[in-house]
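Colleague: Sequence and predicted structure are below.
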Amino acid sequence: MTIDPRTPVLVGAGQFVQRAEGINDALDPVAMMVEAVRRAATDAGLASVPQPDAIRVVSLLSWRYGNPARFIAEDLGLAPRQLGLSAMGGNTPQTLVNTASREILAGQADLVILTGGETTRTRARMTKAGVTPEWRTTDEAPDVVSEDLLMNLPEERERQIMMPIQIYPLFETALRAQAGRSVEDHQRHISELWARFAAVAEGNPYAWDRTGHTAEEIRTVSPANRMVGFPYPKMMNSNNDVDMSAALILCSAAKAEALGVPRDRWVFPQSGSDAHEHAFISHRHHFWKTPAIELAGRRVLELAGLGIDDIGIIDLYSCFPSAVQLGAQSLGLSVDRQLTRTGGLPFGGGPWNNYVMHAIATVMNDLRANPGEKALVWANGGYTTKHAFGVYATEPPAGGFSYDYPQDQIDALPSRRLASPAEAAGRAVIEGYSVMHGRDGTPERIIASCLIEDGRRAWGDSTDAALGREMCGTEFVGTDVDLDAEGVLHPA
């Protein structure tokens, strides 16, 4: 079969999990990324890391290097034309693959190294020991290689409604009410979903938590599994307390041949898409629906000439159960299917923005082991806000790599306006809520998204612990409440 020499192809994937005994034997994020890049080169069957046109790093939170790609290049003895750094967001690893694939196809690059890594566990240990890292920094500015998106309204920031652990539970309660399940039945439903993810992590050599957890263990609140933001105990939250890195080597088919990469290592991006929901959660039309996933997900499959039933290998972004359910629903997938290849962010590990690079690396090996199969990866950033999709296969795309960004269609979809507390004062109906808990297990704050008579959204909150406990045992979505002029929620 003749392959267009400009066809983008993934040839190497590397993953590294650091389980240092202490802080003195722990690598910094750059050293971990260097190790992942070396492993990617070995995975491609290469004796050394090939000279790239660009090294692009997924933005990290463990340390502010300034331009981490500079140090990676120096440590590997490389001299790329571009040293790039992404914007923030869990969507960025897939977005970087989409971008580099387009550039390779257009002849703007021949080989690109993508990498990312976090040492959140080590940094937490250092902080506890009162140690400040002596890691490198530079004032050199990197090339910004992905777009940022403002995702918080001033009104949301003022009300302190901006943490993922607050917002994904809002989506979960909205999904629960839409499904018509009781609180108890829904907790069982999502814990069974999560147990299937934990089982995958158990068999993943690069997963952070390979213990394997039962559904009962995941849903049962205990000292080791405290309630964080109802309905999510700790094991239903993304686990960012990890030291993990990953890397990908993406090049043209001509470059892969010139390097001598064995053909059985090649994995072809078939198509890609990027899009985002209405940027502010206050403007979302519903919390139980994600139309941008539906549109951009359908588009990436159309570009690959496939339907969802043609996909045998799937990895959906999985920071919280509501993300998986929204993604599956929008893509036309049953949650009973195997929807992760890594174990997801709670069990596979959630190295902040870089989880999906681990997912792509894992999917590459799955495809190599199953030639002819097709794979779909969905990456998510924000509050199921920013989305990136990729379809992969062991054979080149029949019509060449294809890409779309259907944002204009999404921007035209219905949205809601936000009412101020003074405007919303009076009767409202709850559409979704979370109950944030303290470390001692006491409900500390209720956050409720409400709809008022004219269809606008309004935020309500309360520190009434008794009401919080009641909302953890009884369905309050669809319940009438009274909001005062300060936005405090009161039972109607």
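Modeller: Looks like it arrived, so ask away.
Colleague: Spit out the contact partners of residue 49.
Modeller: 37, 38, 40, 41, 76, 78, 113 (Cβ atoms under 8 Å, 6 or more residues apart in numbering). For the C-beta atoms, the positions are set from N, CA and C on the backbone; glycine is no exception.
Colleague: Can you give me the domain assignment for this protein?
Modeller: 8-151+240-411, 421-491 (automatic domain parsing).
Colleague: where along the stretch 151-300 of the chain do the strands fall?
Modeller: Per DSSP state E, counting those that start in this stretch, the stretch 151-300 of the chain carries strands over the ranges 227-230, 232-233, 243-252, 268-276.
Colleague: Report the strands that pair with the third one, each with its relative direction.
Modeller: Using DSSP bridges, the neighbouring strands of strand 243-252 in the sheet come out as strand 8-17 (antiparallel), strand 111-119 (antiparallel).
Colleague: Measure how buried residue 337 is and give me the count.
Modeller: Using other Cβ atoms under 10 Å, the number of residues around residue 337 comes to 12.
Colleague: Of the contacts of residue 49, which qualify as buried by neighbour count?
Modeller: 37, 38, 40, 41, 76, 78, 113 (16 or more other Cβ atoms under 10 Å).
Colleague: I figured residue 174 hits residue 432, correct?
Modeller: Yes - assessed by Cβ atoms under 8 Å, residue 174 is found in contact with residue 432 at 3.9 Å.
Colleague: So for these two, which sits in the more crowded spot?
Modeller: Between residue 174 and residue 432, counting by other Cβ under 10 Å, residue 432 is the more crowded of the two (28 against 23).
Colleague: Now do the buried residues in whichever helix or strand that one is part of.
Modeller: Applying DSSP states H and E as the criterion places residue 432 in strand 426-437. For strand 426-437, a neighbour-count test (16+ other Cβ under 10 Å) marks 428, 429, 430, 431, 432, 433, 434, 435, 436, 437 as buried.
Colleague: So which bits of the lengthiest helix in the chain are buried?
Modeller: For the chain, the longest helix by residue count, based on DSSP state H, is helix 183-202. Across helix 183-202, burial judged by 16+ other Cβ under 10 Å covers 183, 186-187, 189-201.
Colleague: residue ranges of the strands in the stretch 1-150 of the chain, please?
Modeller: Counting by DSSP E, counting those that start in this stretch, the strands of the stretch 1-150 of the chain are 8-17, 54-57, 82-85, 111-119, 143-144.
Colleague: which one of these is the most hemmed in?
Modeller: Highest mean neighbour count of the strands of the stretch 1-150 of the chain: strand 111-119, a mean of 29 (counted as mean count of other Cβ atoms under 10 Å).
Colleague: tell me the mean pLDDT over that one?
Modeller: Strand 111-119 carries an average pLDDT of 98.
Colleague: Residue 225: neighbour count?
Modeller: 16.
Colleague: and if you look at residue 385?
Modeller: Neighbours of residue 385 using other Cβ under 10 Å come to 22.
Colleague: what do you get for the one 4 residues further on?
Modeller: The number of residues packed around residue 389, counting by other Cβ under 10 Å, is 29.
Colleague: Run through the chain and note the low-pLDDT ranges.
Modeller: 1 (pLDDT under 70).
Colleague: Any idea how far apart the tips of stretch 326-337 sit?
Modeller: 14 Å (Cα to Cα, to the nearest Å).
Colleague: Likewise for stretch 147-166?
Modeller: End to end - Cα to Cα - stretch 147-166 spans 25 Å.
Colleague: for that stretch, which positions count as buried?
Modeller: Result for stretch 147-166 [16+ other Cβ under 10 Å]: buried residues 151, 152, 153, 155, 156, 159, 161, 164, 166.
Colleague: next one: stretch 463-480
Modeller: So stretch 463-480, judged by 16+ other Cβ under 10 Å, has buried residues 464, 465, 467, 468, 471, 472, 475, 476, 477, 479.
Colleague: And stretch 135-142, by the same measure?
Modeller: In stretch 135-142, counting by 16+ other Cβ under 10 Å, buried: 136, 142.
Colleague: neighbouring contacts of that stretch?
Modeller: 28-30, 57, 63-71, 83-85.
Colleague: Deepest in the core, which of the domains of the chain is it.
Modeller: domain 8-151+240-411 (a mean of 21).
Colleague: Could you give the separation of that one from the chain centroid?
Modeller: When C-alpha coordinates are averaged (Cα atoms, centre = their mean, to the nearest Å), domain 8-151+240-411 and its chain have centres 9 Å apart.
Colleague: quick one: terminal-to-terminal distance for it?
Modeller: Domain 8-151+240-411 has an end-to-end distance of 30 Å (criterion: Cα to Cα).
Colleague: related to what we said a few turns ago, describe which strands the strand holding residue 432 pairs with in its sheet and in which direction.
Modeller: Counting by DSSP bridges, strand 426-437 is paired with strand 227-230 (antiparallel), strand 443-451 (antiparallel), strand 480-483 (antiparallel).
Colleague: could you dump the ones you listed to CSV with distance to residue 361?
Modeller: Shown next, in CSV, are those (distance: least, Cβ to Cβ, whole Å):
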stretch, distance to residue 361
strand 227-230, 29
strand 443-451, 36
strand 480-483, 47
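Colleague: Figure out which of those is closest to residue 380.
Modeller: Closest of those to residue 380 is strand 227-230, at 18.0 Å (criterion: Cβ to Cβ).
Colleague: Now tell me what touches that closest one from outside.
Modeller: 165-166, 168-169, 221, 233-234, 237, 434-437, 441, 443, 468, 471-472.
Colleague: go with 6 Å
Modeller: 165, 166, 169, 221, 233, 234, 237, 434, 435, 436, 437, 472 (Cβ atoms under 6 Å, 6 or more residues apart in numbering).
Colleague: For that strand, output the C-alpha coordinates as CSV.
Modeller: C-alpha atoms of strand 227-230 as CSV (Å, rounded to 0.1, in the frame of the first residue of the first chain):
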residue,chain,number,x,y,z
MET,A,227,-17.2,12.8,51.3
VAL,A,228,-15.7,15.7,49.3
GLY,A,229,-18.5,17.3,47.3
PHE,A,230,-21.7,15.2,47.4
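Colleague: which residues are contacting stretch 375-387?
Modeller: 89-91, 94, 149, 151, 167, 275-277, 281, 290, 292-293, 296, 311, 313-317, 323, 326-327, 356, 359-360, 363, 367, 388-392.
Colleague: Next: stretch 171-180.
Modeller: Residues contacting stretch 171-180 (Cβ under 6 Å, 6+ apart): 186, 231, 287, 288, 322, 325, 431, 432, 433, 477.
Colleague: do you know how far the residue lying closest to residue 118 once chain neighbours are set aside is from residue 402?
Modeller: Of all residues not flanking residue 118 in the chain, residue 351 sits nearest, at 4.0 Å (Cβ to Cβ, 6 or more residues apart in numbering). According to Cβ to Cβ, to the nearest Å, residue 351 stands 30 Å off from residue 402.
Colleague: hang on, the earlier thing: roughly how far out does the longest helix of the chain sit from the chain middle?
Modeller: Taking mean C-alpha positions (Cα atoms, centre = their mean), helix 183-202 and its chain are 18 Å apart.
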